[in-house]
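> have a look; sequence and predicted model below, questions after that.
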Amino acid sequence: MYEIDARGIYYRELNQMIRDVIAKGEKEILLKGVNGQYYIGDGLRAKDVRIIIEGVPGNDLAAFMDGPTIIVKGNAQDNIGNTMNSGKVVVHGHAGDVLGYGMRGGRLHILGDVGYRVGIHMKGYKRQVPVIICGGTAGDFLGEYMAGGVLVVLDLEESGNPIARDYIGTGMHGGRIFLRGEVEKIRCGKEVGIVEPDEGDMKELERLLKEYCDDLGLKLEDVIKKPFIKLIPVTMRPYGNLYAY
C-alpha cells in the first residue's frame, strides 16, 4: 500500500500526488492526516484502485468518479459522489448535505447520519442504477427531484427522531426510496406515494444491504429484521403545468 501524509498539503497538490501515483501503477493508496482537502478522487477512472482516507475529506469527494473505491475511516462533508458514474464510497461515520447530486451509477454507503438533499436529481443511466444507503437518519428534501436509482435510510440506532425530515421526495419522478420504519405522509412531497415493498423489492433490498453490511461490518439479519416502507413517485411530470409546452 502506498502512503501519502496529507497533513498541511494544499488540496491541488494532494490530488496531483494521488493522480501521479495511480499513473505509476499503484492500486491501493492510504491518505493519512486528511483535514478538509477538497475534490479527492474527482474524475478518476480506474476500477481497480482503492483509496483509504484517515481523517475528514472536504467537499466533492468522488465527484465525476468512474470506478475506484474510496473508504473514509471517519466522517465526511458535503457533495460526495456529485455526478458519479461508477465506483463506491464507504464512510465509517456521518456525512453532510447534497450526497449523490445527479449521481448516475455506483454506491454510497454511509454508516451514520446524512444531511439535507441527499439523492437530489439522482438518476440512472442505461443499465446503471445508483444506490445510496444511510445507516442513520436523513435531513430535509431526501430524494428531491429524484429521477432514478435507489435510496435507503435505516436508522439503525432507532434514535427516536424522524427517519427522514420534511419534504421527502419533493419533485420526485423516478427511482425508489426505502425507509426502515414509518414516515408520516405529511413529511412527503405531494408527488410521493407510500406502499409496502413486494417480494421483488425485498430480494433487491437484501442484495443491496448484504453488500452494505459487508463493507461496514454489520450483520444483515439485524438490519432486515424491522419492516420497510417504499416511497415511489405517483406522477412522471410533477411540474408539467409550469411549462409553456
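Arrived safely, thanks for sending.

> by contact count, what packs against the longest helix seen in the chain?
Of all the elements of type helix in the chain, the one with the most residues (DSSP state H) is helix 199-216. Applying 3 or more CB pairs under 8 Å, 6 or more residues apart in numbering; DSSP states H and E, one finds that helix 199-216 contacts strand 86-91, strand 107-110, strand 131-134, strand 147-153, strand 174-180, helix 220-223, strand 228-233. In this view, the C-beta of every residue, glycine as well, is placed from N, C-alpha and C.

> can you redo those as CSV with mean pLDDT, distance to residue 97 and mean neighbour count?
Formatted as CSV, the helices and strands packed on helix 199-216 follow (pLDDT from 0 to 100; distance: least, CB to CB, whole Å; neighbours: other CB atoms under 10 Å):
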stretch, mean pLDDT, distance to residue 97, mean neighbour count
strand 86-91, 98, 14, 23
strand 107-110, 98, 12, 27
strand 131-134, 98, 12, 26
strand 147-153, 97, 15, 24
strand 174-180, 97, 17, 22
helix 220-223, 96, 25, 13
strand 228-233, 96, 20, 19
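
> about what we covered before: contact partners of the longest helix of the chain?
88, 90, 92, 107, 109, 111, 131, 133, 135, 150, 152, 176, 178, 197, 218-220, 223-224, 228, 230 (CB atoms under 8 Å, 6 or more residues apart in numbering).

> swap the cut-off to 7 Å and go again
Applying CB atoms under 7 Å, 6 or more residues apart in numbering, the external contacts of helix 199-216 come out as 90, 92, 109, 111, 131, 133, 150, 152, 178, 197, 219-220, 223-224, 228, 230.

> same question for that helix, mean pLDDT?
The average pLDDT for helix 199-216 rounds to 97.

> gap between that helix and the chain center?
Its chain's C-alpha centre and that of helix 199-216 lie 15 Å apart, by CA atoms, centre = their mean, to the nearest Å.

> any weak-confidence spans in the protein?
236-245 (pLDDT under 70).

> recalculate using a threshold of 50.
Within the chain, no stretch has pLDDT under 50.

> count of neighbours near the nearest residue to residue 36 once chain neighbours are set aside?
Ranked by CB to CB, 6 or more residues apart in numbering and with sequence neighbours excluded, the top spatial neighbour of residue 36 is residue 58, at 4.3 Å. Using other CB atoms under 10 Å, residue 58 is surrounded by 17 other residues.

> with residue 23 instead?
So residue 23, with other CB under 10 Å, has 9 neighbours.

> OK, contacts around it?
With CB under 7 Å, 6+ apart, residue 23 has no contacts at all.

> the same query, at a cut-off of 10 Å, please.
With contact taken as CB atoms under 10 Å, 6 or more residues apart in numbering, residue 23 is in contact with residue 46.
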